[in-house]
Structure formats: structure tokens, C-alpha cells
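Here you go, sequence then predicted model.
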Amino acid sequence: MTDTPDFGPDASRVRSFRLTGTVASIVADASGLADAERPQLEARLRTVAERHGAGEVRVALTAARSGRKLIAVGSGKGGVGKSTLAANLAVALARLGRKVGIIDADIYGPSQPRLLGTSERPEAEDKTLIPVAAQGVRLLSVGQLVPEGQALAWRGPMAAGALNQLVEGQWGDTELIIVDLPPGTGDVQLSLIQKARPAGAVVVSTPQDLALIDATRAIDLFRKTSVPVLGIIENMAGYDCPHCGQPSDPFGSGGAEAAAHELGIPFLGRLPLSASLREASDAGRPPAAGDGPAGRAFRDLAEKLLAALEP
Ligand SMILES: Nc1ncnc2c1ncn2[C@@H]1O[C@H](COP(=O)(O)OP(=O)(O)OP(=O)(O)O)[C@@H](O)[C@H]1O
């Protein structure tokens, strides 16, 4: 039997230790570590094994982050429902059996804690943030990093630094992380996208021409940063009057679908303007958690998103 040396604070990461002759083999769990921290862990393990008498040390670090996929949700401008859709997509993906996280990187107006109905602040372990659980998903938000109500006037490097803390949180076995980006296509968005390295992106737009021009810019930003655009979602498309029942299209309809076809990207679906969706969202009850029409619509969107992500 191999006598395992004392790895000190790294002991909980060591999955196995074997000493054959003078060759030590160590398997350690590197989940949640930043890329820069992995070699440091390896060096510490190596030192302990060498002190324990090993001449040669082989270290295998498991749980590389490569298995986890980040999906950025962006929009060309504010107020189109990007955060609402990001929250509900996360909840719908979780209901489809995925282990889902959400990173609220919207430095101009972090709204995920409110949308997911939580005011809990994340704890930190060894300076690594532990996401809070809400509505079946795990959440880290830039809003949790500053006192409530304090404005975030961050420039690119600060925003990127904060995002790094969120991306490098203790995500454990989370498979998919939705990243709610700030609206727009400026430098901050660019550096956030480069830092987060998403596997794909979703663009939210309303049907108006102007919103679509902005959405096209957002698509262009993702393309320039080599992030595959998984699809476009049209929000606030059509409205059923609660009084007379007549449908109307205050912002037009079908524009985003036509734009998606033109740009050669998938159209994931549309959501109508809905008072109940807004009320439920404001109250921290994401409609995707229920089985009503909005719940079904979000399930449909989540299925299409998975199909685009894992063809
Ligand atoms: N389909 C919808 N029907 C009715 N209200 C909606 C719909 N989608 C979003 N809203 C409402 O519109 C407002 C803006 O939505 P949200 O905050 O999600 O937009 P955003 O694009 O993330 O904006 P921001 O630029 O502030 O980040 C919210 O009050 C939200 O509840």
C-alpha cells in the first residue's frame, strides 16, 4: 500500500497517489482553478512528492475547463429583453436536465439576481467565488461584487477583471454557463467576449428596423471575435390585447427572422410582448420555471439552442 504524503491545503484535490519505486503518480482535481493556477498546483504537488522520496513525479490534473461551454447572450442595444431571455433560457436549459450556470456580466445594469429572485451574496473560498443557487441554476453577478445600488462605471480592464472572477468561480460540474453581456458593441463588450471565450452566442433583437441594425452589429462583433452565432431571438414580437383579444404588432413582426435568413444564421424563435411575462420577471419568478405558454416557448428556444450548440 502506498503511504500518501500530507499535501496540506491541496489534500482535498488529490484523487490518487501512487509511488512505484521512485516514480510518483498523482491525479488531482483542478476544478475551478484559473489557467494560471494549474501549474502552481502542479508545482506544489511535485514538491511534496519529492520530499516524500520520489525521484520522478507524474501529475495528471483532471476537470479541465474545456468540457464546460459558455454561451454569450448579447444585443446591439439596451432594453430589448436580453437579460430576461438569458435568465429564462438558463432556467429552461436546467429543466431539460443540464447543469446550468449564469454569469451576469451586464455592468450597466446587472439584473439577474432580481430576475432569478435572489439577493444572496456569494461566499468565497480561497478567493474563488461560490455561485449562489436560484431557480435550479447557479448564479454569479457583477451586481454581487459591489454594494447594492452602487453604480458600476467600469472601463474595459476593470470589467474584464470582474468577469474573470465570475468565470473562474467554483462552477463544479456546471455544463453550460449563460453569460448575460452588457448591451451594445463597444470595447467593454469586446474585451468581455475575449476574456470569456464563449463557445457560442445568441443575439436578442426586437422586430424594429433600428433594433435589427443594432443586432447586426452585435452579430458582426461575435463574428470578428470568432464566436459562432448560434441564433437570433426576436423579442416583443406582436401583442395580444388583454381587453379586446386582437393581436397587434407595435414593432412590426418577422424582421428578425428575415434578417437571420439574410445573415445565414439560425432563427431560434420569437416571444410576444406580454404583460404577464414582465410582471413575473419583475417579481423574480422566471416564467420558464412554469408550464404556461411562456414556459413552453422558453423550453422550445432552449431545445433549439442545444441543437445549434451540439449539432
Ligand atoms: N417579451 C416581453 N414582454 C414584456 N416585457 C418584456 C419582454 N421582454 C422583456 N420585457 C421587459 O422589458 C424590460 C427590459 O428587459 P431586460 O432588462 O431583459 O432588457 P435588456 O435588453 O437586458 O436591457 P438592459 O439594456 O437594461 O440590460 C424589463 O422590464 C422586462 O421585464
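Structure's in. What do you need? These figures come from a predicted structure and were not determined experimentally. Numbering: from 1, shown residues only.

From here on, just use CA atoms for contacts and neighbour counts.
Fine.

wait, does the helix or strand bottoming out on mean pLDDT in the chain contact the ligand?
Among the helical and strand segments of the chain, the one scoring lowest on mean pLDDT, DSSP states H and E is strand 247-248, with a mean of 78. No: contact of strand 247-248 with the ligand (C-alpha under 6 Å from any ligand atom) is absent, the minimum separation being 13.3 Å.

who does the next helix or strand after that strand touch, helix- and strand-wise?
Under the assignment DSSP states H and E, the closest C-terminal helix or strand after strand 247-248 is helix 255-263. Judged by 3 or more C-alpha pairs under 8 Å, 6 or more residues apart in numbering; DSSP states H and E, helix 255-263 is in contact with helix 209-224, strand 229-240, strand 267-273.

any chance of the ones you listed in CSV, plus mean pLDDT, mean neighbour count and distance to the ligand?
Shown next, in CSV, are the helices and strands packed on helix 255-263 (pLDDT from 0 to 100; neighbours: other C-alpha atoms under 10 Å; distance: least, C-alpha to the nearest ligand atom, whole Å):
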stretch, mean pLDDT, mean neighbour count, distance to the ligand
helix 209-224, 86, 19, 11
strand 229-240, 90, 22, 4
strand 267-273, 92, 21, 4
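
for this protein, what spans make up the helices?
37-51, 82-95, 112-115, 156-167, 187-196, 209-224, 255-263, 275-282, 293-309 (DSSP state H).

Can you point out the buried residues in the fourth one?
What it means is helix 156-167. Neighbour-count burial for helix 156-167 flags 159, 160, 162, 163, 165, 166, 167 (criterion: 16 or more other C-alpha atoms under 10 Å).

coming back round to it: now do the least confident helix or strand of the chain: distance to the chain's middle.
Distance of strand 247-248 from the chain centroid (C-alpha atoms, centre = their mean, to the nearest Å) equals 34 Å.

What are the contacting residues of that strand?
238, 239, 240, 241 (C-alpha atoms under 8 Å, 6 or more residues apart in numbering).

Turn the residues you listed into a markdown table, columns for distance to residue 16.
A markdown table is the format used below for these (distance: C-alpha to C-alpha, whole Å):
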| residue | distance to residue 16 |
| --- | --- |
| 238 | 58 |
| 239 | 59 |
| 240 | 61 |
| 241 | 63 |
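
and residue 120, how many neighbours?
Residues near residue 120, counting by other C-alpha atoms under 10 Å, number 13.

now do the one 4 residues further on
The number of residues packed around residue 124, counting by other C-alpha under 10 Å, is 12.

residues touching it, list them.
So residue 124 contacts residue 130 (C-alpha under 8 Å, 6+ apart).

Can you give me the distance of it to the ligand?
26 Å (C-alpha to the nearest ligand atom, to the nearest Å).

now swap in residue 61 and tell me
38 Å.

Could you do residue 243 as well?
For residue 243, the distance to the ligand - C-alpha to the nearest ligand atom - is 16 Å.

residues near that residue, how many?
Quick note: residue 243 (other C-alpha under 10 Å) scores 6 neighbours.

cool, and residue 97?
8.

follow-up on the earlier one: okay if I get the helices of the chain as TSV plus distance to residue 17?
Below are the helices of the chain laid out as TSV (distance: least, C-alpha to C-alpha, whole Å):
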stretch	distance to residue 17
helix 37-51	9
helix 82-95	36
helix 112-115	42
helix 156-167	30
helix 187-196	33
helix 209-224	44
helix 255-263	53
helix 275-282	50
helix 293-309	37
